[in-house]
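1. got a predicted model here, sequence first, then my questions.
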Amino acid sequence: MNCFCFPGGAETILGALDIPGGGATPYFGFKARIPLIDGTEDATEIDMRVGDNLFEAKLCEKDFTMRPTEHVKRYQDFDAIFDVRALPLLEGQFAGYQLIRNVLAAVHHHASLFVLIDQRRPDLLHEWWRIHCAIRETDLRLRCGFRTWQEIAGVSPPELRTFLADKYGL
């Protein structure tokens, strides 16, 4: 996410990738406060918010984590937002928990969601598409997308592009 801190990086990258919000200051570790069925809020932290856009970034991490079904079903409107039968389930746990949570955050904050994925990791893209396909509403599905780190590197200012190539091979 450090590329969004680079002077002019956020505005250049978002503009080149046709993501609205240029000029807005990136907010890292955004507390989403997604409502739960019991009237409380969860402690979800979104990687970054820029304007009306939320970002979940995966570059070095293994996956989007798993959580037991009971834990995930405690979110308000979970059943209304997702076709639960279409969500990836493994041994009583939903795969892609971070993605599910981020879609719920996008709904709660009337925002768009972008997942940032390394194109060398098709497994992460497949995981994202399984969650994306389970979103019931077309409008919400259209507000949720992905970009690759390679796209980001390709539109970054030259000095930042060199850094991303040296550090991450992008």
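-> Nice, thanks for sending it over.

2. surely D52 and F114 touch.
-> No. Contact between D52 and F114 fails when scored by C-beta atoms under 8 Å: they sit 11.2 Å apart. From N, CA and C alone the C-beta is placed, and that goes for glycine too.

3. more crowded one of these two?
-> Between D52 and F114, counting by other C-beta atoms under 10 Å, F114 is the more crowded of the two (23 against 14).

4. just the CA coordinates for the helix or strand hosting that one, please, in PDB.
-> Per DSSP states H and E: F114 is located in strand 112-117. What follows is strand 112-117 as a C-alpha-only set of coordinates in PDB (Å, rounded to 0.1, in the frame of the first residue of the first chain):
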ATOM      1  CA  SER A 112     -17.200   0.700  -4.100                       C
ATOM      2  CA  LEU A 113     -14.800  -2.000  -3.300                       C
ATOM      3  CA  PHE A 114     -11.600  -2.800  -5.200                       C
ATOM      4  CA  VAL A 115      -9.500  -5.900  -4.400                       C
ATOM      5  CA  LEU A 116      -5.800  -5.400  -5.300                       C
ATOM      6  CA  ILE A 117      -4.300  -8.800  -6.400                       C
END
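
5. show me what it packs onto, helices and strands only.
-> Contacting strand 112-117 under the criterion 3 or more C-beta pairs under 8 Å, 6 or more residues apart in numbering; DSSP states H and E are the following elements: strand 53-58, helix 97-108, helix 122-133, strand 144-148, helix 149-155.
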